[in-house]
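K.L.:
Have a look at this prediction, sequence included:
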Amino acid sequence: MILALAGNQNSGKTTLFNQLTGSNQRVGNFPGVTVDQKIGNITGQKDMSIVDLPGIYSLSPYTNEEIVTRNFLLKQKPDGIINIVDATNIERNLYLTLQLIELKIPMILALNMMDEVQANNGSIDIIALREALGIPVIPISAAKKQGLSELVEQVLNTALHKTKPERIDFCPAGEDPTGAVHRAIHAVTHLIEDHAENQGIPARFAATKLVEGDEPILDALKLAQNEIETIEHAVCEMETETGTDREAALADMRYQFIEDICKKCVVKIKESREYQRSVRIDSVLTHKIWAFPAFLGIMLMIFWLTFGVIGAPLSGMMEWGIDELSGAVDDGLTAYGLNPTIKSLVIDGIFAGVGAVLSFIPIIVTLFFFLSLLEDSGYMARVAFVMDKPLRKLGLSGRSFVPMLMGFGCSVPAIMATRTLASERDRKMTIFLTPFMSCSAKVPIYALFTVAFFERFQVLVMISLYLIGIVLAILSGLLMKKTVFKGAPVPFVMELPNYRFPSLKTTFLLLWDKAKDFVQRACTIIFLATVVIWFLQSFDLRLNHVTDSTESMLAVIGRGISIVLAPLGFADWRVSTSLITGFIAKEAVISTLAVLTGAGAMELKDTLYSLFTPLAAFSFLVFTLLYTPCVAAVAAVRRELGSLKGTAVIILYQTAFAWLAALIIYQIGRLFLG
Amino acid sequence: MTLKDLSVGKSGRVISVGGEKVLRRRLLEMGITPRTVISVKKVAPMGDPVELLLRGYVLTLRLEDAEKIEIEEVSS
């Protein structure tokens, strides 16, 4: 038996899903789009799986989330729907409910956060609500695990007996200004009944959507021309009679019905304590002046906790663990007498390469942990509110701000965080721009070079690098807005939910998912990339194993690339080779330079003087700042974009941009410095 | 007047909702239908967007979108 869980954003849907399934869930993708499809088995029930549909406000065909939900409900035909509704925000939540009911799938209403309603002296007459909607209504509190067993029992009952919703007609009582809408819907239902049945679409749902002007449904029904004309005629009549157009007429009808229900069943809360608390918190966090220092403080704290307190030490431990393991395996393999080339593959290739990426996991997970706290607490929506205006100039919305900012820590969680953005366009553009934010793995490179070349201006040079990244991101954004992402952005109509304590269970399940996902990728894409680099490093063109890394294929490629890099001021092949290994992890640039020049950590500084002039060093830093994201970030881009082509475009674009920027800096700089 | 002209602390009743197709649909779905009473709670620090209270929940809108909503002021 398959159940679907549907509801608005911020209705507690994910919390309910996690409570119902425990850790017994798996994440997939809805076909064709990067929208998560989570499936789980209901704890304690045999053969009852439940699909967590994305949070949506309506069954319109506009966003990916809406399309995915519609297709799932219409094509997969689940045995039952659990519609979760936030009882503290019942009017708007029921708007989706009315559309779901029209699908004629066995359905029950889970009235969430009833504890909050009661604590604020509000009440909802469950029996009257059940009567009015014609579907079972179960009051629950997902966060406090109240009413869940009743919910499961009722779902089982409804789905097993295939109890369809009792009514699909939503005529407001009393004077009837929307009678015309009903006449239109009935006329259309009558007309298309056979077509709808043939296509397996519930007739009433199809009719309502046709009256509303829904094109995908119109196409799906394959109506004859005269039928389409009859429908349009009915709609025209309705529009004249109601004095408004089709979309407004339907929205109005639904909301009127909802208002009538609420008048009868709901004792409204004037201002809930949760709302008052949110207003108090917002009196600082979205305050005219304090909003900015507060935001800066929160972000600095997150970065400090990630890189200073939690993530970095854990990463250090992880690195140590991998080193120890690698050492032990090395000893073991040596004792066993394994072929030295194969041993080198295991130790120098896999352990060193995958290990370098894996040791990032604690940082990635910690950053992502804070990100999801920001999201679940409701603060992310506030940041979007505060930062929307400047980002709009790039054609983005305030929602993109935090993911991009996270890019200064690590592009991987930053790119993963774009998943929560409302529109596909915003998501793509944010993924495109995030790599411009200089990530923390580049700091060791900056540190080494600035100490060597710009000792007196170290801070200044560092800051200028970050600024160059930001400025170029803005320029790229403007360029994209004018070209690839031309056209109207998706409207920014965003709910500001009350602040809530994030559910730790939800957060940790999410972290577990993301970490697992990352390790999986580390074992595929990243594994492949490290093996390729190892292969190039260990063999020469005649496939002989090389002892001197200067003769390897990688060195040959490095020499080739160095021709292209010469106009940027660094023609030495060792530098270009180090940039190639930097693809695995950015800090590998330094270790490769050290290995290839045969310089120890102490002498590396002196060696750099022989490779770079100060101007070339700066040009090199700008190039490192901008060129292709590391393999882990590329894997994340590939995952979130869901497109190989798009990923390739990002790599090429970044690298070309880096080359151009470094070229301009070096050549113009030379004019001035002689 | 439009919702954009409503100052903080004031309320208005929706007369009609305009805007491009997707925006308009979204506004309607979020409960901005004729006769709905909306009050303006706050303006973002940089002057845009605005924070609104309607149907018991808080919604944010950009001024350019709020301008598409015809209202009449009511005393709250």
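P.N.:
Structure received. Numbers count the residues shown, from 1 in each chain, chains lettered A, B, ... in the order given.

K.L.:
helix, strand or coil for residue A:111?
P.N.:
The three-state label given to residue A:111 by DSSP: H, G, I helix; E, B strand; the rest coil is strand.

K.L.:
That one: neighbour count?
P.N.:
Neighbour count for residue A:111, taken as other Cβ atoms under 10 Å in any protein chain shown: 24. Every residue, glycine included, has its C-beta placed from N, CA and C.

K.L.:
Next one: it from residue A:125, what distance?
P.N.:
The spacing between residue A:111 and residue A:125, counted by Cβ to Cβ, to the nearest Å, is 11 Å.

K.L.:
Figure out the helix or strand that residue A:6 lives in.
P.N.:
In this assignment (DSSP states H and E), residue A:6 forms part of strand A:2-7.

K.L.:
Count the neighbours of the nearest residue to residue A:527 once chain neighbours are set aside for me.
P.N.:
Residue nearest to residue A:527 in three dimensions, not counting chain neighbours: residue A:354, with 5.6 Å by Cβ to Cβ, 6 or more residues apart in numbering or on different chains. Residue A:354 has 20 neighbours, counted by other Cβ under 10 Å.

K.L.:
The strand holding residue A:6 - contacts with which helices or strands?
P.N.:
helix A:13-21, strand A:49-52, strand A:80-86, helix A:90-101 (3 or more Cβ pairs under 8 Å, 6 or more residues apart in numbering or on different chains; DSSP states H and E).

K.L.:
just checking, what packs against the helix or strand of chain B with the lowest mean pLDDT?
P.N.:
Ranked by mean pLDDT, DSSP states H and E, the weakest helix or strand in chain B is helix B:21-29, scoring a mean of 92. Counting contacts by 3+ Cβ pairs under 8 Å, 6+ apart, helix B:21-29 packs against helix A:246-265, strand B:11-17.

K.L.:
and the last one, which strands flank it?
P.N.:
The one in question is strand B:11-17. Using DSSP bridges, the strands paired with strand B:11-17 are strand B:37-43 (antiparallel), strand B:69-74 (antiparallel).

K.L.:
Output the below-cut-off pLDDT ranges for chain B.
P.N.:
B:76 (pLDDT under 70).

K.L.:
Give me the helices and strands touching the top helix by length along chain A, please.
P.N.:
What stands out as the longest helix in chain A, according to DSSP state H, is helix A:644-673. If you count contacts as 3+ Cβ pairs under 8 Å, 6+ apart, helix A:644-673 packs onto helix A:424-433, helix A:458-482, helix A:614-626, helix A:631-641.

K.L.:
so which of these comes closest to chain B?
P.N.:
helix A:424-433 (11.7 Å; Cβ to the nearest Cβ).

K.L.:
which outside residues touch that closest one?
P.N.:
In this structure, residues lying in contact with helix A:424-433 by Cβ atoms under 8 Å, 6 or more residues apart in numbering or on different chains are A:33-34, A:63-64, A:394-397, A:399-400, A:403-404, A:415, A:418-419, A:421, A:473, A:476-477, A:480, A:485, A:489-490, A:637, A:640-641, A:646, A:650, A:653.

K.L.:
got the buried residues for it?
P.N.:
Residues A:425, A:426, A:427, A:428, A:429, A:430, A:431, A:432, A:433 are the ones in helix A:424-433 that count as buried (16 or more other Cβ atoms under 10 Å in any protein chain shown).

K.L.:
got any ranges where chain A has weak pLDDT?
P.N.:
In chain A (pLDDT under 70), the answer is A:31-34, A:171-178, A:487-489, A:600-602, A:674.

K.L.:
can you list the domain ranges for it.
P.N.:
Per automatic domain parsing, the domain ranges recorded for chain A read A:2-160, A:179-267, A:562-673.

K.L.:
what are the pairing partners of the strand holding residue A:6, and which direction each?
P.N.:
By DSSP bridges, strand A:2-7 pairs with strand A:49-52 (parallel), strand A:80-86 (parallel).

K.L.:
Which stretch among those strands is buried most, on average?
P.N.:
Counting by mean count of other Cβ atoms under 10 Å in any protein chain shown, strand A:80-86 has the highest mean neighbour count of these, with a mean of 26.

K.L.:
Report the buried residues of the longest helix of chain A.
P.N.:
For helix A:644-673, the neighbour count (16+ other Cβ under 10 Å) marks A:647, A:650-651, A:654-655, A:657-659, A:661-663, A:665-666, A:669 as buried.

K.L.:
Next, count neighbours for residue 56.
P.N.:
Since you didn't name a chain, this refers to chain A. 22.

K.L.:
that's the other chain; I wanted chain B
P.N.:
19.

K.L.:
Show me where the stretch 501-650 of chain A has its helices.
P.N.:
Taking DSSP state H, counting those that start in this stretch to define them, one finds helices in the stretch 501-650 of chain A at A:504-521, A:527-538, A:553-565, A:573-581, A:588-597, A:604-611, A:614-626, A:631-641, A:644-673.

K.L.:
ok, residue A:13 touching residue A:56?
P.N.:
No: counting by Cβ atoms under 8 Å, residue A:56 is not a contact partner of residue A:13; they are 10.1 Å apart.

K.L.:
Give me the common contacts of those two.
P.N.:
Common contacts of residue A:13 and residue A:56, defined by Cβ under 8 Å, 6+ apart, comprise residue A:6.

K.L.:
What count of nearby residues applies to the residue nearest to residue A:515 when sequence neighbours are not counted?
P.N.:
Leaving aside its sequence neighbours, residue A:515 sits nearest to residue A:365 (Cβ to Cβ, 6+ apart; 5.3 Å). By other Cβ under 10 Å, the residues close to residue A:365 number 19.

K.L.:
Pick out the residue closest to the middle of chain A.
P.N.:
residue A:419 (1.2 Å; Cα atoms, centre = their mean).

K.L.:
That residue is in contact with residue A:36, isn't it?
P.N.:
Yes: in this structure, residue A:419 is within contact of residue A:36 by Cβ under 8 Å, at 7.3 Å.

K.L.:
how much space is there between the residue nearest to residue A:62 when sequence neighbours are not counted and residue A:631?
P.N.:
The shortest distance from residue A:62 to any non-neighbouring residue, by Cβ to Cβ, 6+ apart, is to residue B:22 (5.5 Å). Separation of residue B:22 from residue A:631 (Cβ to Cβ): 37 Å.

K.L.:
and if you look at residue B:31?
P.N.:
From residue B:31 across to residue A:631, the span is 46 Å (Cβ to Cβ).

K.L.:
again with residue A:285
P.N.:
For residue A:285, the distance to residue A:631 - Cβ to Cβ - is 37 Å.

K.L.:
Likewise for residue A:507?
P.N.:
Distance, residue A:507 to residue A:631, by Cβ to Cβ: 27 Å.

K.L.:
The two: who's more crowded?
P.N.:
Neighbour totals were compared for residue A:507 and residue A:631, and residue A:631 leads with 24 against 19 (other Cβ under 10 Å).

K.L.:
is it true that that one touches residue A:525?
P.N.:
Yes: contact criterion Cβ under 8 Å: residue A:631 and residue A:525 qualify, at 6.7 Å.

K.L.:
Quick one: distance of stretch A:567-583 to the chain centre.
P.N.:
Put simply, stretch A:567-583 sits 33 Å off its chain's centre (Cα atoms, centre = their mean, to the nearest Å).

K.L.:
and the closest residue to residue A:99 other than its chain neighbours, what does it touch?
P.N.:
Once flanking residues are discounted, residue A:99 sits nearest to residue A:59: 4.4 Å by Cβ to Cβ, 6+ apart. Residue A:59 is in contact with A:66, A:69, A:70, A:73, A:96, A:99, A:100, A:209, counting by Cβ under 8 Å, 6+ apart.

K.L.:
Which of these sits closest to chain B?
P.N.:
Of the contacts of residue A:59, the one sitting nearest to chain B (Cβ to the nearest Cβ) turns out to be residue A:96, at 8.6 Å.

K.L.:
For the closest one, give me its contacts.
P.N.:
By Cβ under 8 Å, 6+ apart, the contact set of residue A:96 is A:6, A:7, A:8, A:56, A:57, A:58, A:59, A:83.

K.L.:
Before I go, just wanted to say thanks for your time.
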